[in-house]
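predicted structure and sequence below. I'll ask about it afterward.
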Amino acid sequence: MTNKSTFKNLSVLKDAQKSVKADLGDKYEAVITPYVKIIQMVMNANEITEFEALKKIKEQLPIYKQVDAPLLFSAALIEITEGKHFVGFKESVNV
């Protein structure tokens, strides 16, 4: 089972995504898309999950040290996670 800290961490990531969306408004998709692609490239190249990919990016890529990169990568991670895990669910329950 998942522990409380996992839910807390996901909540923090979701809050970061909401903040980024509010700040960027209509520009959100255009700004976040490259970050989503970076995470996906690392996932595919290393055959790892999006969470493992973000950890690898944080530890190994200089882009993570740029201003606002942690927030933008957090928003991108939520986009990937929601896209992967909830699209089929939403369709199955007609949300």
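Structure received.

sec struct for the spatially most central residue of the chain, please.
Nearest to the geometric centre of the chain sits residue 77, at 0.8 Å (C-alpha atoms, centre = their mean). Judged by DSSP: H, G, I helix; E, B strand; the rest coil, the three-state class of residue 77 is helix.

quick one: it and residue 13 touch, right?
Yes - judged on C-beta atoms under 8 Å, residue 77 makes contact with residue 13 at a distance of 6.2 Å. Just so you know, the C-beta spots here come from the backbone N, C-alpha and C atoms, and that holds for glycine as well.

buried residues in stretch 37-48?
Judged by neighbour count using 16 or more other C-beta atoms under 10 Å, the buried positions of stretch 37-48 are 38-39, 42-43.

cool, stretch 46-60 as well?
50, 53-54, 56-57.

try stretch 67-86
In terms of neighbour count (16+ other C-beta under 10 Å), stretch 67-86 has its buried residues at 69, 71-81.

appreciated, that's everything.
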